[in-house]
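Asks: 3D, please:
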Amino acid sequence: MGYSMSRLELESDICDGEKNIPEVSSSQRSTRPLNVLDHEIAQITKLRSGPHELLSHVEPGRREQQVSTVKMLARREGNYSGRGRFSSADCCHVLSRYLPVNGPWLVDQMNSRAYVSQFSADGSLFVAGFQGSNIRVYNVDKGWKVQKNIVAKSLRWTITDTSLSADQRHLVYASMSPIVHIVNVGSAETESLANVTV
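Replies: Sure, this is the predicted structure:
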């Protein structure tokens, strides 16, 4: 499935005021050279996504086309640009080279929507709250294995908020009710049915 973009072509009869506009298929391309606006857009895009001029010099008078990220970092630390930091164009240039290529992948599949999710402070656990009265705690370090499956009590429509304690032993969750629940997620069992209500 492909999408193509075509440039708006002004025909002479449109400029003369005629109402009939000829249809141009999206696969046709103009043979006319790029106009000034196209050059300006290309130049602005190049300026906003390319490295700073002083960060891309190889030697006096020569400019490197593909600047390595390591060289850019070294030149930033050496304050070659005079600002001591990357410009937004420098950031764009560096980040455009490191796009994720592996993923996303399926971690788990539930029969209801996930409404809240968060990582623990150290990133080792991931908590997801679902509309169908389930909260799952995944152990990121062990290949996203389900560490705890919590069946929510007194649920009204969905889980609205979750929060892990600093020691990652307890999870607090709430729904659209005046009750807050605390669950021990540090225990060895995977299933948790005995929620402590506060």
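Asks: Okay, strands next: where are they in this structure?
Replies: Along the chain, the stretches classed as strands by DSSP state E are 57-59, 62-63, 114-119, 125-130, 134-139, 145-151, 159-164, 170-175, 180-184, 191-192, 196-197.
Asks: could those strands go into a markdown table alongside distance to R85, mean neighbour count and mean pLDDT?
Replies: C-beta here means a position set from N, CA and C on the backbone, and glycine is covered the same way. Output for the strands of the chain, formatted as a markdown table (distance: least, CB to CB, whole Å; neighbours: other CB atoms under 10 Å; pLDDT from 0 to 100):
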| stretch | distance to R85 | mean neighbour count | mean pLDDT |
| --- | --- | --- | --- |
| strand 57-59 | 18 | 11 | 51 |
| strand 62-63 | 21 | 10 | 53 |
| strand 114-119 | 28 | 15 | 90 |
| strand 125-130 | 32 | 21 | 92 |
| strand 134-139 | 36 | 20 | 92 |
| strand 145-151 | 40 | 18 | 90 |
| strand 159-164 | 34 | 18 | 90 |
| strand 170-175 | 39 | 20 | 90 |
| strand 180-184 | 44 | 18 | 88 |
| strand 191-192 | 47 | 14 | 65 |
| strand 196-197 | 49 | 10 | 51 |
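Asks: Adding distance to S81, write the ones you listed out as JSON lines.
Replies: What follows is the strands of the chain, written out as JSON lines (distance: least, CB to CB, whole Å):
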{"stretch": "strand 57-59", "distance to S81": "11"}
{"stretch": "strand 62-63", "distance to S81": "14"}
{"stretch": "strand 114-119", "distance to S81": "35"}
{"stretch": "strand 125-130", "distance to S81": "39"}
{"stretch": "strand 134-139", "distance to S81": "42"}
{"stretch": "strand 145-151", "distance to S81": "46"}
{"stretch": "strand 159-164", "distance to S81": "42"}
{"stretch": "strand 170-175", "distance to S81": "47"}
{"stretch": "strand 180-184", "distance to S81": "51"}
{"stretch": "strand 191-192", "distance to S81": "54"}
{"stretch": "strand 196-197", "distance to S81": "56"}
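Asks: tell me how far the ends of stretch 77-84 are from each other?
Replies: 7 Å (CA to CA, to the nearest Å).
Asks: All further residue positions should be reported with the first residue as 223.
Replies: Sure, I'll start numbering at 223, so the last one becomes stretch 299-306.
Asks: Next, the buried residues of it.
Replies: Y302, S303 (16 or more other CB atoms under 10 Å).
Asks: For Q369, give me its contacts.
Replies: By CB atoms under 8 Å, 6 or more residues apart in numbering, the contact list for Q369 reads L347, V359, Y360, N361, V407, T412.
Asks: again, 10 Å this time
Replies: If a contact means CB atoms under 10 Å, 6 or more residues apart in numbering, then Q369 has 346-349, 358-363, 390, 407-408, 410, 412 as its contacts.
Asks: ok, so of these, who is nearest H315?
Replies: Distances from H315 to those, taken as CB to CB, are shortest for V362 (30.6 Å).
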